[in-house]
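Asks: the sequence and its predicted three-dimensional model are supplied below.
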Amino acid sequence: MTTAPYKGRFAPSPTGPLHAGSMVAALASWLDAKAHHGQWLVRMEDVDKPRCVPGAADFIMQQLSACGLHADAAPTYQSQRGKHYQIALDQLIAQNQAYACTCSRREVAQYWAHCGHAPQAHTALVYPGTCRNQSAQPAIQVLQTRAAWRFKSDYLPSPELLANTTAAGVLHTIIAIEKRVIGTNGLKNDADDTDDTDDADDTDAVDATNAADSAVGWLDRRLGVQSQNVQHTVGDFVLKRADGVWAYQLAVVVDDAAQAITHIVRGQDLLDNTARQILLQ
């Protein structure tokens, strides 16, 4: 299999100026792209318009430019790509991999409280699948309700899809960086934690995917082989919110595929997004 040329991206949300942690992520992704003689793109994750600050996207581009981080193409804006996300959602619905959900967060919390599980602070509750078997309602009824759309998390991509990483746009090679990279001793040296022997074969992640327990695996060039059982730790996750805003997980996967992104640098606190994104690919 021919390896696709390296293409990375930095995808901030324009809710204000870049903070120190975001600048570190931008620099790390830019350096990794240049070290591999690849391309580096910038994408504005501005689908949640109420949270976006007017002028923030332009200011972010100015911040990056002031630091010498110049993208290899004009930035893209998720707010302009809604039709592409709708096409992807329609495909998932047609394949019976997505369903409408009218549950509120309060109802999910009440379900788990009734089961004797007290929610932990700042921890998202696993969705119990309440609406999964009630979604055979007519499409017109769904449209008349404020329904979100969820992905069936027990779906696993086939081994053939996982192996064909280039054609499918499957992103297994991830570099996680610590959010605590800036401290009293300055920048943490991540080079010592990264395998630069070009580069950790993407297809190694196939062996880490176990259909028996629905675990999804991937290779992180800093942390090694990682895995997550999305069904058990997250449940069926949201693709489109009830208020019509596209969820991060769907938008980022559609855009990464459209731009042929091959490598991702992200903060370690965002590492558990990886398994959900692999499932969606």
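Replies: Great, that's in hand.
Asks: enumerate every residue touching Leu64.
Replies: Phe10, Leu18, Ala26, Val42, His70, Ala71 (C-beta atoms under 8 Å, 6 or more residues apart in numbering). C-beta: built from backbone N, CA, C; applies to glycine.
Asks: ok, and the closest non-adjacent residue to the fifth one?
Replies: Ranked by C-beta to C-beta, 6 or more residues apart in numbering and with sequence neighbours excluded, the top spatial neighbour of His70 is Leu64, at 7.4 Å.
Asks: farthest pair within the contacts of Leu64?
Replies: Spanning the widest gap among the contacts of Leu64 are Leu18 and His70, at 15.1 Å by C-beta to C-beta.
Asks: with neighbour numbers in mind, choose between those two.
Replies: Leu18 (19 against 11; other C-beta atoms under 10 Å).
Asks: that one: what secondary structure?
Replies: Assigned with DSSP: H, G, I helix; E, B strand; the rest coil, Leu18 falls in the coil class.
Asks: that one contacts Ala26, doesn't it?
Replies: Yes. With contact defined as C-beta atoms under 8 Å, Leu18 counts as touching Ala26 (6.9 Å).
Asks: between the two, what contacts are shared?
Replies: Joint contacts of Leu18 and Ala26 (C-beta under 8 Å, 6+ apart) are Pro12, Leu64.
Asks: just to revisit the earlier point, which of the contacts of Leu64 fall in helices?
Replies: In this view, the contacts of Leu64 that belong to helices under DSSP state H are Ala26.
Asks: same list (the contacts of Leu64) but as JSON lines, adding pLDDT and distance to Asp58.
Replies: Formatted as JSON lines, the contacts of Leu64 follow (pLDDT from 0 to 100; distance: C-beta to C-beta, whole Å):
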{"residue": "Phe10", "pLDDT": "97", "distance to Asp58": "15"}
{"residue": "Leu18", "pLDDT": "96", "distance to Asp58": "12"}
{"residue": "Ala26", "pLDDT": "96", "distance to Asp58": "16"}
{"residue": "Val42", "pLDDT": "98", "distance to Asp58": "12"}
{"residue": "His70", "pLDDT": "98", "distance to Asp58": "15"}
{"residue": "Ala71", "pLDDT": "98", "distance to Asp58": "14"}
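Asks: closest one to Thr274 out of the contacts of Leu64, please.
Replies: Using C-beta to C-beta, those come closest to Thr274 at Phe10, 16.6 Å.
Asks: just the helices in this structure please.
Replies: 20-35, 56-66, 82-94, 105-114, 139-143, 159-163, 165-168, 230-233, 248-258, 273-280.
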